[in-house]
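Visitor: Sequence and computational prediction follow.
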Amino acid sequence: MKKQYKITITKADRPYELWKVELKDHNSNINCVYEKTHKKAMQYALYWIEKAEERQHAKEVMNNAIMEAIALDRIAGITTSTSDSLD
């Protein structure tokens, strides 16, 4: 899979001097933060890119845990067709 990132850094339309950092990666993870300086905005974007694979791995682990919990609930008979009992 080709690693692609969309990074948009713009001066925020706010009364404070902030920079808006909008990010999207090849795993469809998105994020938006505000930083006080352009340099910090760039540093955050680089940090976010470096953590892309770690973030995706954590997401996959969480999804697998949820699927296993649902399967255990079905085995235990505590689910219905309209509820997964995760509330």
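Guide: Yep, that arrived. Numbers count the residues shown, from 1 in each chain.
Visitor: all strands of this structure, in order?
Guide: 5-11, 19-25, 30-35 (DSSP state E).
Visitor: Please tell me how far residue 36 sits from residue 11.
Guide: Going from residue 36 to residue 11 by Cβ to Cβ, to the nearest Å gives 12 Å. Every residue, glycine included, has its C-beta placed from N, CA and C.
Visitor: burial of residue 41, as a residue count?
Guide: 21 (other Cβ atoms under 10 Å).
Visitor: Looks like it contacts residue 7 (just checking).
Guide: No - using Cβ atoms under 8 Å, residue 41 is not in contact with residue 7; the gap is 9.6 Å.
Visitor: quick one: contacts for the closest residue to residue 4 other than its chain neighbours?
Guide: In this structure, residue 4 finds its nearest non-sequential neighbour in residue 26, 4.7 Å apart by Cβ to Cβ, 6 or more residues apart in numbering. Going by Cβ atoms under 8 Å, 6 or more residues apart in numbering, residue 26 touches 1, 2, 3, 4, 5, 52.
Visitor: same thing but at 10 Å, please
Guide: Contacts for residue 26 were tallied using Cβ atoms under 10 Å, 6 or more residues apart in numbering; they are 1, 2, 3, 4, 5, 6, 52, 53, 56.
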